[in-house]
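Asker: based on what follows, work out the 3D shape:
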Amino acid sequence: MKRERFQSRLGFLLVSAGCAVGIGNVWKFPYVTGQNGGGIFVLCYLLFLVIMGVPVLTMELAVGRASRKSAVLGYKALEPAGSKWHIHGWFCVAGCCLLMMFYTTVSGWMLGYFFKFAAGTFEGMDGSAVGTVFNDLLASPGEMSLWMIITVLVGFLICSFGLQKGLERITKFMMLGLLALIALLAVHSLMLPGGMEGVKFYLLPDFQRAAESGLGNVLTAAMNQAFFTLSLGIAAMEVFGSYMKRDNTLTSEAVRICLLDTFVALVAGLIIFPACFSFGVEPDQGPKLIFVILPQVFLNMAGGRLWGALFFLFMTFASFSTVIAVFENLQANAIDNFGWSRKKSALVNCIFILVASMPCVLGYNLWYFEATLPNGGIGQVLDIEDFLVSNLLLPLGSLVYLLFCVSKKGWGYEAYLEEANTGEGIRMPRWLRPYFLVVLPILILIILIQGLI
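Answerer: Numbering: from 1, shown residues only. This next block holds a predicted model:
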């Protein structure tokens with residue numbers, strides 16, 4: 001079967017950026033930036049994005065573009081005879097499944113809140129009532145299941161139409177809509193009374209706040225954010241390399257993907273901080289910021305129902321673009337490894353994800369329990385699944401891709417470099433090999449160890 005291709009370079013960039021752009025860009029990046037010295041953190045984040053994120057992203061894309069296959073067969077096509085690198089491909093498939101087992105639920109929350117704001121559910125509520133809406137959502141297995149099922153069904157329906165007619169066409173629309181929405185929301189927030197104080201807190205370098213957090217903590221927080229923002233290590237990006245044309249170098253494409261991802265993260269903060277400062281609300285982290293604090297802020301705004309609906313439409317686009325990108329990865333693996341048609345692959349994967357997502361849905365109500373995670377945190381089913389993906393599979397997978405591309409026992413540095421530098425644009429320097437062999441693995445191991453302890 002002939003390998004599908006992206007119709008345009010813009011399509012590739014928007015789909016890849018859509019996979020990277022996710023919920024963490026909005027509820028984590030702004031908070032961590034403000035906590036760690038504003039502009040100081042941003043500069044550290046950009047540095048680590050260049051020295052860690054871009055290289056590993058080029059490696060995933062290189063394996064995909066050189067092999068024209070998804071994870072398992074991609075390794076098999078490039079690995080030395082008799083080696084077992086392709087086993088990691090199955091861990092990549094498992095990682096994508098595990099990610100979707102909880103991400104579809106969170107994406108469903110965004111969709112649900114969009115409809116709640118659009119329907120006027122929050123009209124006339126006070127702060128405590130707004131918090132009750134989110135608690136009621138978590139306590140309702142029926143409502144949680146509804147939004148999750150809609151997310152999964154629509155996602156696989158889009159992917160069933162093919163790369164160009166489904167994933168690329170819809171993601172282009174969503175990402176362009178996302179960029180327009182985020183710009184509109186940011187301008188509105190910046191015009192709120194007192195909003196510029198939020199911008200100063202967010203982006204101006206504050207050495208005192210950085211010192212209070214500790215320079216080591218600022219650096220590790222920036223390293224973590226730069227590494228995890230691209231979802232590297234589970235072949236989520238590799239499959240898009242297999243659909244790429246060879247007109248541009250992979251470093252050029254990786255830089256553009258990182259710029260788009262960073263733009264969304266930075267501008268999300270320009271929505272959240274001015275709005276929170278304008279209404280005297282302390283920006284908090286995690287789901288509470290999105291589902292409890294911001295709805296209260298919107299309700300106090302003129303036209304808050306509209307602005308709240310637009311914000312959660314933006315969040316729906318951000319999360320759903322990741323969902324359908326990873327669904328495409330699952331489909332491509334089933335097509336490549338089992339020889340299924342695209343329609344059959346969509347149907348089987350859809351049924352599997354629907355069933356596999358239910359523990360996360362029920363983990364907040366009928367199956368509620370609290371577990372202690374290896375790093376000492378307390379969590380439910382979602383937190384356990386998130387820990388396994390974020391703290392184990394992503395850093396370990398990235399380390400495997402790195403070693404595969406630079407080791408003589410893997411694909412090899414020269415082969416990787418030739419693929420990465422094919423086309424026009426920024427070239428990956430040959431002299432970076434010692435850095436890739438020694439320094440970069442150490443940085444990834446630091447992230448892995450830090451995530452476990």
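Asker: quick one: distance of the lengthiest helix in the chain to the chain centre.
Answerer: In the chain, assigned by DSSP state H, the helix with the most residues is helix 304-338. Its chain's C-alpha centre and that of helix 304-338 lie 10 Å apart, by Cα atoms, centre = their mean, to the nearest Å.
Asker: now it: average pLDDT?
Answerer: Averaged across helix 304-338, pLDDT comes to 93.
Asker: can you point out the buried residues in it?
Answerer: By neighbour count on 16 or more other Cβ atoms under 10 Å, the buried set for helix 304-338 is 304-305, 307-337. Yep, even glycine has a C-beta here, placed from its N, CA and C like the rest.
Asker: now tell me what touches stretch 189-196 from outside.
Answerer: Stretch 189-196 is contacted by residues 198-199, 270-275, 277-278, 301 when judged by Cβ atoms under 8 Å, 6 or more residues apart in numbering.
Asker: low-confidence stretches in this structure?
Answerer: 1, 283-287 (pLDDT under 70).
Asker: now do stretch 303-316: distance to the chain's middle.
Answerer: 21 Å.
Asker: just the CA atoms of that stretch, as CSV, please.
Answerer: The C-alpha trace of stretch 303-316 is given here as CSV (Å, rounded to 0.1, in the frame of the first residue of the first chain):
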residue,chain,number,x,y,z
GLY,A,303,-19.8,39.5,28.3
GLY,A,304,-18.3,36.8,30.4
ARG,A,305,-20.6,34.1,29.0
LEU,A,306,-19.1,34.8,25.5
TRP,A,307,-15.5,35.0,26.7
GLY,A,308,-15.9,31.8,28.7
ALA,A,309,-17.3,30.0,25.8
LEU,A,310,-14.5,31.2,23.5
PHE,A,311,-11.9,30.2,26.0
PHE,A,312,-13.2,26.7,26.3
LEU,A,313,-13.6,26.4,22.6
PHE,A,314,-9.9,27.3,22.4
MET,A,315,-9.1,24.6,25.0
THR,A,316,-11.2,22.1,23.1
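Asker: what sits up against it?
Answerer: Here stretch 303-316 makes contact (Cβ under 8 Å, 6+ apart) with 23, 26, 107, 110-111, 113-114, 117-118, 120, 122-123, 177-178, 181-182, 184-185, 188, 271, 290, 294-295, 298-299, 301.
Asker: now list the buried members of those.
Answerer: 23, 26, 107, 110-111, 113-114, 117, 122, 178, 181-182, 185, 188, 271, 290, 294-295, 298-299, 301.
Asker: among the contacts of stretch 189-196, the buried ones, what's the ChimeraX command?
Answerer: The following ChimeraX line selects those of the contacts of stretch 189-196 that are buried, judged by 16+ other Cβ under 10 Å:
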select :198,199,270,271,272,273,274,275,277,278,301
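Asker: and the two most separated of the contacts of stretch 189-196?
Answerer: Greatest spatial distance among the contacts of stretch 189-196 (Cβ to Cβ): V199 and M301, at 17.3 Å.
Asker: hmm, back to that, chain center to the helix or strand just after the longest helix of the chain: distance?
Answerer: Toward the C-terminal end, the helix or strand that comes next after helix 304-338 (DSSP states H and E) is helix 342-356. Put simply, helix 342-356 sits 22 Å off its chain's centre (Cα atoms, centre = their mean).
Asker: next SSE downstream of helix 342-356?
Answerer: Following helix 342-356 in sequence, per DSSP H and E, is helix 358-362.
Asker: hang on, the earlier thing: in helices only, show me the contacts of stretch 303-316.
Answerer: Residues of the contacts of stretch 303-316 located in helices (DSSP H): 23, 26, 107, 110-111, 113-114, 117-118, 177-178, 181-182, 184-185, 188, 271, 294-295, 298-299.
Asker: show me what contacts S242?
Answerer: 3, 64-65, 67-70, 74, 332.
Asker: repeat that for 7 Å
Answerer: Applying Cβ atoms under 7 Å, 6 or more residues apart in numbering to S242 gives the contacts 3, 64-65, 67-70, 74.
Asker: neighbour-wise, which of those leads?
Answerer: Within those, most neighbours by other Cβ atoms under 10 Å means G74, with 31 neighbours.
Asker: just checking, that residue touches V63?
Answerer: Yes - here G74 reaches V63: they are 5.0 Å apart, a contact under Cβ atoms under 7 Å.
Asker: joint contacts of those two?
Answerer: Taking Cβ under 7 Å, 6+ apart as the contact rule, G74 and V63 both touch E238.
Asker: tell me which helix or strand the closest residue to F6 other than its chain neighbours sits in.
Answerer: The spatial neighbour of F6 that comes closest, neighbours along the chain excluded (Cβ to Cβ, 6 or more residues apart in numbering), is F12 at 4.3 Å. Element membership of F12 [criterion: DSSP H and E] is helix 9-20.
Asker: who does that helix touch, helix- and strand-wise?
Answerer: In terms of contacts (3 or more Cβ pairs under 7 Å, 6 or more residues apart in numbering; DSSP states H and E), helix 9-20 is packed against helix 169-190, helix 238-241, helix 250-278, helix 304-338.
Asker: returning to what we had before: can you tell me which of the contacts of S242 are in helices?
Answerer: Checking the contacts of S242 against DSSP H, those in helices are 64-65, 67, 74.
Asker: most widely separated two among the residues you listed?
Answerer: Using Cβ to Cβ, the ones in helices among the contacts of S242 reach their maximum pairwise distance at R65 and G74, which is 9.5 Å.
Asker: hang on, the earlier thing: can I get the contacts of stretch 189-196 in JSON lines including distance to M237?
Answerer: JSON lines is the format used below for the contacts of stretch 189-196 (distance: Cβ to Cβ, whole Å):
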{"residue": "G198", "distance to M237": "33"}
{"residue": "V199", "distance to M237": "32"}
{"residue": "L270", "distance to M237": "27"}
{"residue": "I271", "distance to M237": "26"}
{"residue": "I272", "distance to M237": "27"}
{"residue": "F273", "distance to M237": "30"}
{"residue": "P274", "distance to M237": "33"}
{"residue": "A275", "distance to M237": "32"}
{"residue": "F277", "distance to M237": "36"}
{"residue": "S278", "distance to M237": "37"}
{"residue": "M301", "distance to M237": "37"}
